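J.: could you work out the structure for the sequence below:
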Amino acid sequence: MPHPHRLGPIFAASLLSFALVSTPAQASPEAQGKETIDLDLYTLTDVHGHIEQVTKKGKVTEAGGGAMKCYLDKARAANPNSSLMLLGDNIGASPFTSGILKDNPTVEVLNKLDPVASTLGNHELDLGVRAFQDRLSGKGGFSKVGFQYLAINVEGIQGLGKYKIWTSPSGIKVAYIGAIAADVPAKLNPAETKNLRFNDPIPLLNQTAKKLKEDGQADVVVAALDDDTKNNYRKMDAAYVDGFMGGDTHVPYTFSKDEGEPVSAVASGSYMDNLGVLRLKIDSKTKKITSSKAQLIPAGTIAQCGSDQGVQQIIDSAAAQAKDEGEKPVATGVKGKYLRGVHLGEDGQPIPGANRGVESTLGDMIADSLKDEVFTDSEGKQKVDIGVIHAGDLREDLIPNQGVITYAQTFVVEPFSNDIGYRKMSGATFKTLLEQQWKLNNASEEEMAAAGVPESEWHNQGSRPMLKLNLSSNVSYTYDPEAPYGKHITSVSIDGKPLEVDKTYTVGSVKFLLDGGDSFAAMRDGSPIRTLGVLDRDSVNNYLKNHAGELSPRSKKASVGIRLVSEQIDSNGDLTFELQGLSFTEGPGITKRVSVRVGDHEASGKVDNSLAETERVRTDGAGKATVKVHVGAVEKPQSLPLSVKTDFGEVVSPAQGLKVQIRPAAGEAKPTEPSQDKPANESGTPGKAGHDVPEKASKASKKAGHLAATGSNGQAELALSALLLIGGACVLTARRRNRSC
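T.: As a prediction, the model looks like this:
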């Protein structure tokens, strides 16, 4: 985990000065006479300006602000011992109605919901620290935020609290401690965070909870952390933390102490798709918790309440102001749906846009637009070599209505108003950039150091284990799903030719990514950024306008994971390959079959497109297959070209230079010394798909399989062994066991 910063000597003393205590309500006579007090602690996270109700296929999928107000009012009337806590990212990356109006409508709606407080989210800082502080005070054309923002682990932003104590009508004191993930600098423009400090939130949450309990300031403590719930709730000190509320990943979670968990934990999801709640039963005499569970209330249930008239007026007024501008068409004749990646929720249904670890048809189209719209000369004739966009930039699917795309639609796809531009970088740097799609979010600092991650990046690995880069259609690559950090990429092709590590390429993107955002630090190793003074969505609008008739969602994946199970041919004369990342998670690009060709030998197999295995997010795992290629008897080691085809055509071409180094079956012939030619380019070793490398792999390294990556001219080969799967940096020759590093 990121390095926990030491707490200064004034930590304990400063707690009181930062505490914000709401005025206690008088306990009702009815509450005073009860033996058990029911607390309902509600939570919303990642609203992102989604204040309008949304219905899809006859089902309410987003409750909207009016229904949420109605439901909460009735819940509070039924049980006055109820409160609402917001978990951050209330604004930013918003739909057109809110976004075009500076998110003022969302702030006004949330004020009406009467939250106790809100955790700070990274999107609160999308427009910079100054704009956020203007929101707190109601200056600069921003509606005033009517609740306190909390972030105990942030230094450098005035106006933030650390915790707030809410006293229920029954007299129970509930402390909400707010915090945000330490990787915020990776999610924002580095220029905005250079004077800020984001400390490790976990020790601060636990130590503050202990002090609040021991000092008698709180009967119940809730840790409210704007970070992934599943990764963090077990890190809480259950002796002092009674509940956990999380967010950021847009994934809804419930974990209940009544069902054996150390603490109850909840994340509502995003966009008002659910309302989360921690339901606690308190002994009125001892003020001890006797029951604790987490629940989700879906949008459809909330919508049954109806809509609060006052809140609905705010929403309707905003929608009317935004309507005329938003309905302007930017392109006509657009074919197909451009979708983000999905994975399955707890109910087995896909969650739109939730999977940022996979290639998507929307991301690929945006990357193509960047290659087409970013120029390196003043005449607008010299296009960049590569277009690239990160999955986090894409906030909504792009689905034409009878071929028409409107300004409101592209606004919500790319709502951040990023400038587009480019950097120059070497092929080696570009390969490193691709390697940085894999994150070390749960690694210890020792593991990060061993993997070669600079200490400055230890806090920037994010809550997602993989953040996919989408690439323009002239770029493709293969990867090893299981290789060590920094060793996943096994081949890269640009314009049909192998990547040249010493060649300079121009890479076009949005300024956030070019600045190294989302922990893509390799971007900063390129030349200084050149921006064009054009916003991202405006460049997409121009691209769609000029190319709408010829565009369609991509079917062939740019990235494919492949692993040779064993370099030895089995007793049947077969080589076994494991492949993944063959399909998109949605859209037309879902292949049913795949074929693998090794030299003149070819075989095919069925593709499993199940999304049930959530860990596939680590390595773009949608579309998995195992294929056995019969090559017969081999008398001596051979190096054979490899290619892969799906239903939509070739996804790994022999021109990429990826080759298979094979050996005879055991007992057929003695293997000769593998080639020791020095590579002119990068190399890698695919491993087994979808699982961590087992400890026993080191014992099997004598016979585990490999692929050889190409050199810069497509001619050099490098014999590898499974030792690289573990060691990650050295070449092992078959006979002498000499390493060349």
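
J.: can you map out the helices along the stretch 401-550 of the chain?
T.: 407-413, 427-435, 445-450, 511-514, 536-547 (DSSP state H, counting those that start in this stretch).

J.: for the stretch 201-350 of the chain, same thing?
T.: 201-214, 229-232, 299-303, 309-326.

J.: so which of the helices of the stretch 401-550 of the chain comes closest to Ala151?
T.: Nearest to Ala151 among those is helix 511-514; the distance by CB to CB comes to 21.4 Å. The C-beta positions use only the backbone N, C-alpha and C, and glycine is treated the same way.

J.: would you map out the domains in this protein?
T.: According to automatic domain parsing, the chain comprises the domains 21-318, 328-476+503-550, 559-740.

J.: mind checking which of those is nearest Gly496?
T.: Of all those, it is domain 559-740 that lies closest to Gly496, at 5.4 Å by CB to CB.

J.: could I get the average pLDDT for the closest one?
T.: Averaged across domain 559-740, pLDDT comes to 66.

J.: any weak-confidence spans in the stretch 451-600 of the chain?
T.: Counting by pLDDT under 70, the ranges of the stretch 451-600 of the chain that qualify are 451-464.

J.: helices or strands up against the host helix or strand of Ile662?
T.: Taking DSSP states H and E as the definition, Ile662 sits inside strand 659-662. Packing partners of strand 659-662 (3 or more CB pairs under 8 Å, 6 or more residues apart in numbering; DSSP states H and E): strand 638-646, strand 707-708.

J.: deepest of those strands, which one?
T.: strand 707-708 (a mean of 25; mean count of other CB atoms under 10 Å).

J.: circling back to that earlier point, could I get the helices of the stretch 401-550 of the chain as JSON lines with distance to Leu370 and mean neighbour count?
T.: Converted to JSON lines, the helices of the stretch 401-550 of the chain look like this (distance: least, CB to CB, whole Å; neighbours: other CB atoms under 10 Å):
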{"stretch": "helix 407-413", "distance to Leu370": "13", "mean neighbour count": "22"}
{"stretch": "helix 427-435", "distance to Leu370": "14", "mean neighbour count": "21"}
{"stretch": "helix 445-450", "distance to Leu370": "31", "mean neighbour count": "14"}
{"stretch": "helix 511-514", "distance to Leu370": "10", "mean neighbour count": "22"}
{"stretch": "helix 536-547", "distance to Leu370": "7", "mean neighbour count": "20"}
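
J.: nearest to Leu642, of those?
T.: Using CB to CB, the nearest of the helices of the stretch 401-550 of the chain to Leu642 is helix 427-435, at 19.0 Å.

J.: so what does that closest one touch, helix or strand wise?
T.: By 3+ CB pairs under 8 Å, 6+ apart, helix 427-435 packs against strand 489-494, strand 504-510.

J.: now that helix: mean pLDDT?
T.: Predicted confidence along helix 427-435 averages 97 (mean pLDDT).

J.: angle of it against strand 504-510?
T.: Helix 427-435 runs at 40 degrees relative to strand 504-510, counting by axes from the mean of the first three to the mean of the last three CA atoms, to 10 degrees.

J.: just want the angle from helix 427-435 to strand 489-494.
T.: Between helix 427-435 and strand 489-494, the angle comes out at 120 degrees (the same axes, to 10 degrees).

J.: CA atoms only for helix 427-435, dumped as PDB, please.
T.: Presented in PDB, the C-alpha positions along helix 427-435 are these (Å, rounded to 0.1, in the frame of the first residue of the first chain):
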ATOM      1  CA  GLY A 427       9.100   3.800 -29.300                       C
ATOM      2  CA  ALA A 428      10.600   2.500 -26.000                       C
ATOM      3  CA  THR A 429       8.600   5.200 -24.100                       C
ATOM      4  CA  PHE A 430       5.400   4.300 -25.900                       C
ATOM      5  CA  LYS A 431       5.900   0.700 -25.000                       C
ATOM      6  CA  THR A 432       6.400   1.700 -21.300                       C
ATOM      7  CA  LEU A 433       3.200   3.800 -21.600                       C
ATOM      8  CA  LEU A 434       1.300   0.600 -22.700                       C
ATOM      9  CA  GLU A 435       2.800  -1.300 -19.700                       C
END
